[in-house]
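In: Compute the structure for the input listed below.
(chains A, B and C)
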Amino acid sequence: MASTSKSNPGHFFEDFSLGMPLNHATPQTLTEGDIALYRALTGGRFVQYSSAEFAKGAGYPGLPIDPLHAFHVVFGKSVPDVSLNAVANLGYADGRMSLPVMPGDTLRTVSEVIGVKENSNGKTGVVWVRTNGFNQRDEEVMSFVRWVMVNKRDASSAAPETVIPELPKAVPGAELTGFAGMDSWDATLSGSEYMFEDYAVGEKINHVDGMTVEEAEHQIATRLYQNTAKVHFDAHGQKDSRFGKRLIYGGVVISIARSLSFNGLANAGHMLAINAGSHVSPLFAGDTIYAWSEVLETAELSDKVGALRLRLVAVKDQDPGAFAYKGEDGKYAGGVLLDFDYWTAIPRKR
Amino acid sequence: MASTSKSNPGHFFEDFSLGMPLNHATPQTLTEGDIALYRALTGGRFVQYSSAEFAKGAGYPGLPIDPLHAFHVVFGKSVPDVSLNAVANLGYADGRMSLPVMPGDTLRTVSEVIGVKENSNGKTGVVWVRTNGFNQRDEEVMSFVRWVMVNKRDASSAAPETVIPELPKAVPGAELTGFAGMDSWDATLSGSEYMFEDYAVGEKINHVDGMTVEEAEHQIATRLYQNTAKVHFDAHGQKDSRFGKRLIYGGVVISIARSLSFNGLANAGHMLAINAGSHVSPLFAGDTIYAWSEVLETAELSDKVGALRLRLVAVKDQDPGAFAYKGEDGKYAGGVLLDFDYWTAIPRKR
Amino acid sequence: MASTSKSNPGHFFEDFSLGMPLNHATPQTLTEGDIALYRALTGGRFVQYSSAEFAKGAGYPGLPIDPLHAFHVVFGKSVPDVSLNAVANLGYADGRMSLPVMPGDTLRTVSEVIGVKENSNGKTGVVWVRTNGFNQRDEEVMSFVRWVMVNKRDASSAAPETVIPELPKAVPGAELTGFAGMDSWDATLSGSEYMFEDYAVGEKINHVDGMTVEEAEHQIATRLYQNTAKVHFDAHGQKDSRFGKRLIYGGVVISIARSLSFNGLANAGHMLAINAGSHVSPLFAGDTIYAWSEVLETAELSDKVGALRLRLVAVKDQDPGAFAYKGEDGKYAGGVLLDFDYWTAIPRKR
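Out: Numbering: from 1, shown residues only, chains lettered A, B, ... in the order given. Reported below is the predicted structural model:
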């Protein structure tokens, strides 16, 4: 009997149509085991994800899953259907982490195609999807938009009508939800005295420390999220690729840069929204990540809680105190890995 | 005072006698932490080991330990007594995963010598053992036979009477136990529409994806199972060995090949029996594993559940779509790592 | 707006004064996930940390956190305040593991400066701190003294009055607490028949096995403990350092040497006290650790429980059966990594 093809071929550009729903496979139960691994892989120290006692005092139901960790899990599920044949991840927008994810929760992911645009070369197109993560009670825990460049199966197939979704430049501060009350907040235990009022728009923060990433580390992390994109795991297959080696999942860069940002933003651990994100250049094993942040906007969420909109910039093998970003030509400076725009909760002075 | 020798010297060929019981040390409690690590190290996505909700719906008591994970743990306990002085692991037979292992269960291992045969060179012999794993309620969770080539302590010692156990070529389909009811099975969430009836004897399936293994990964996995065979961990000691470097535990190859087989066999995640297994050639860090499967036999277990007997072949640094296996001379083709024959449960069409 | 400096600069020698309290940040909840990772990273097999059933039978409340694991966590919390600007970790003394740490416990760390002494070069000084770990019920789970050499911020600042604390050469055996009753102890399951009475002062034990450490492994372990010392993670920054590469956290060496000591000391898994410890030479990724032990002292703790005071010596890339230690000149032999003096509980013959 001949061989069969029961493996997942993924979707090509022609397969995506506006409004098309994608119900992604392998819902995943997250546990204390995932929390320990996420900490060990990223170096996370934000206190509400480190101490169950502190978390409970601050209004969380217990020691929660870091929302960025949950994001990688929800995202990972969408890879086999959305980006298996992707040429590039182009961006994120309108990400909202609306409910805490707790150990024992099972996350599943659904997406909907909200935009398509064939590229002028006729060989690729851009697909926009809104992806939603739900827990086992069918409560939405997060929602985000991403867009990817995908190969066409057949260059001669007709182009669809172009639809480009309107996306907010940032989630409005007034729409942020999912934060804890933060009634109790011990700044000694959290690791920093700097609260909401201590940060000013325009301020840049050097996170100082560096973290080198090994092949084993990014592979273990990416499998933890059940993200199966081949480029992260297959050294043999990557030999003939553009870079000649494995690419590190961009989410690994985001998580490590966020963990580094503890040094300067220790109270700002709770990510509430992802406004935008670009993986400016690839990271490879052996490279060292550094990070700096800029305060873009602030919002008051309650008497006790504020939010900072931050630009998190990760750079490679260079002093983050140089605050490398874009040149006068608008192009990113060499060594910039990540340009990530997000909202995070932070306690107010009391 | 002189130094003493309280370390475990392991058993040499002369130490094994027919019927000899071996009660292995360090029973091990498996938890959600082990599940997270196993997933992160192998890339496992089979849905009943990923989602507690799905597992419960399919008739499991909760999110179970992957039986192959439990196998590595039960096997690992036997290494200090059975194979510390082994030259080679020669084979497996009659492996039966009869009861699910759940987080919180404590596994202990006992073995019995069921065969001995001195080799004609007088320096080594083959030992067959049946190994059983029990949980904390003294229920047998699995049983398997393996045979190893072991060094003699003294080449001049007399050969024992040769006893070669009769072993089944495969566990009969009618004797398979330990499967779940699978009354509920959502093929969207499981990742594949292909059920029992979609697979035909003789069919070959290309699992497409590749996974490169790093030293840190196989060491972490092998320690997770408390398998202490020196060849996996001691780079200094291995410098003067035949291969000059650390060997990767064969169980790491089985688990990664099984995880890769998700792509084509997504509903066939529940291993029920190990019929045979050969580690055809060694894997080293930096090598990339690919896999393909062949359907050898099928069995109907209930109205809702079928079983596939599969040959899982792992290959190194080559396209699994070439289905490399044995040449006309009966010898394995270059690059074949593993030839593994097992039964796995899969839902029937409903 | 200019950049700000909200990152933690750590303390310099001038910042430490006698009696100064240090309340360290980021209390950490330890779970079954941490236990699985610790086992997978160190190769731990001591039975009371492997089997919940065995542990309960031996008088533990359940499967406990290995006290050495808890030590790394308590220690890690002190790094940002005590040793961020340290030139060297000089020693440990009077460490007492007085209460078991169980999964679900949250550990926090406080320290007090108990000694200061400026070095004659005027550029550095030695600081002694007593560090205490507490659980969420504010019970002390451990206490230890360590001293570090720290840079001065300004060489011209005045030297403080020298105060060198009096420290015991070893915790007296009669003061050991925190051990379990060990009423039940199955020597088959624990992996060794050798009990308290089988060990004699002066006896040296070769632990035989070797373990090679990879960059990914020590980084994952050190992040698990939330130890943030830069030298362990930042390959780029370390390029211009004295060694030109990342240094492995000394606690990784202690834990792996302890795990290797299972082979010869399988019943002696419960560390009760740390008497002294020197990191004699640095370990780098790719090096292989071996270990040997010497019995220094014994103590009877109860009818069922004894204690061994052991010197644990870790060596690098050499046969531990050579028992390399100090030469006649009192200097450590080449390849010695660690000289660690501790008490451990062990069941008595019954």
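In: show me the contacts for the closest residue to A:Asp234 other than its chain neighbours.
Out: The spatially closest residue to A:Asp234, leaving aside those adjacent along the chain, is B:Gly210, at 3.7 Å (Cβ to Cβ, 6 or more residues apart in numbering or on different chains). All C-beta atoms are positioned from the backbone trio N, CA, C, and that covers glycine. Residues in contact with B:Gly210 (Cβ atoms under 8 Å, 6 or more residues apart in numbering or on different chains) are A:230, A:233-237, B:260, B:288-290.
In: Dump these into JSON lines; add distance to B:Gly59, neighbour count and pLDDT as well.
Out: Converted to JSON lines, the contacts of B:Gly210 look like this (distance: Cβ to Cβ, whole Å; neighbours: other Cβ atoms under 10 Å in any protein chain shown; pLDDT from 0 to 100):
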{"residue": "A:Lys230", "distance to B:Gly59": "33", "neighbour count": "17", "pLDDT": "89"}
{"residue": "A:Phe233", "distance to B:Gly59": "32", "neighbour count": "28", "pLDDT": "96"}
{"residue": "A:Asp234", "distance to B:Gly59": "35", "neighbour count": "20", "pLDDT": "96"}
{"residue": "A:Ala235", "distance to B:Gly59": "39", "neighbour count": "21", "pLDDT": "97"}
{"residue": "A:His236", "distance to B:Gly59": "39", "neighbour count": "19", "pLDDT": "97"}
{"residue": "A:Gly237", "distance to B:Gly59": "38", "neighbour count": "19", "pLDDT": "95"}
{"residue": "B:Leu260", "distance to B:Gly59": "26", "neighbour count": "28", "pLDDT": "98"}
{"residue": "B:Thr288", "distance to B:Gly59": "36", "neighbour count": "23", "pLDDT": "98"}
{"residue": "B:Ile289", "distance to B:Gly59": "32", "neighbour count": "29", "pLDDT": "98"}
{"residue": "B:Tyr290", "distance to B:Gly59": "33", "neighbour count": "29", "pLDDT": "98"}
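In: I'd like these written out as JSON lines, with secondary structure added.
Out: Formatted as JSON lines, these follow (DSSP: H, G, I helix; E, B strand; the rest coil):
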{"residue": "A:Lys230", "secondary structure": "helix"}
{"residue": "A:Phe233", "secondary structure": "coil"}
{"residue": "A:Asp234", "secondary structure": "coil"}
{"residue": "A:Ala235", "secondary structure": "helix"}
{"residue": "A:His236", "secondary structure": "helix"}
{"residue": "A:Gly237", "secondary structure": "helix"}
{"residue": "B:Leu260", "secondary structure": "helix"}
{"residue": "B:Thr288", "secondary structure": "strand"}
{"residue": "B:Ile289", "secondary structure": "strand"}
{"residue": "B:Tyr290", "secondary structure": "strand"}
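In: Please state the mean pLDDT value computed over stretch A:145-160.
Out: On average, the pLDDT along stretch A:145-160 is 94.
In: Endpoint to endpoint, it covers what distance?
Out: With Cα to Cα, to the nearest Å as the measure, stretch A:145-160 spans 20 Å from end to end.
In: Run through who's touching it.
Out: With Cβ under 8 Å, 6+ apart as the criterion, stretch A:145-160 contacts A:11-18, A:75, A:82-83, A:85-95, A:114-116, A:118-119, A:122-131, A:165, A:167.
In: Weed out the non-buried ones from those residues.
Out: Buried by 16 or more other Cβ atoms under 10 Å in any protein chain shown: A:11-16, A:75, A:82-83, A:85-86, A:89-95, A:114-116, A:118, A:124-131, A:165, A:167, out of the contacts of stretch A:145-160.
In: dump the residue contacts of the closest residue to A:Val82 other than its chain neighbours.
Out: Excluding the flanking residues, the one nearest A:Val82 by Cβ to Cβ, 6+ apart is A:Val129, at 5.6 Å. Residues near A:Val129 by Cβ under 8 Å, 6+ apart: A:22, A:78, A:82, A:111-114, A:145-148.
In: Apply 6 Å and report the result again.
Out: By Cβ atoms under 6 Å, 6 or more residues apart in numbering or on different chains, the residues touching A:Val129 are A:82, A:111, A:113.
In: by contact count, what packs against the helix or strand containing the last one?
Out: So that's A:Val113. Assessed by DSSP states H and E, A:Val113 sits inside strand A:106-118. For strand A:106-118, the packing partners by 3 or more Cβ pairs under 6 Å, 6 or more residues apart in numbering or on different chains; DSSP states H and E come out as strand A:21-23, helix A:67-82, strand A:124-134.
In: show me the contacts for the residue of the stretch 51-200 of chain A found nearest chain C.
Out: Nearest residue of the stretch 51-200 of chain A to chain C, counting by Cβ to the nearest Cβ: A:Gly191, 3.3 Å away. Counting by Cβ under 6 Å, 6+ apart, A:Gly191 touches A:266, C:25-26.
In: Out of these, flag the one nearest to chain B.
Out: C:Thr26 (20.4 Å).
In: My reading is that the closest one lies in a helix. Confirm?
Out: No. Assigned with three-state DSSP, C:Thr26 falls outside any helix and is coil.
In: Settle this for me: it is touching A:Gly44, isn't it.
Out: No. C:Thr26 is beyond contact range of A:Gly44, at 9.5 Å (criterion: Cβ atoms under 6 Å).
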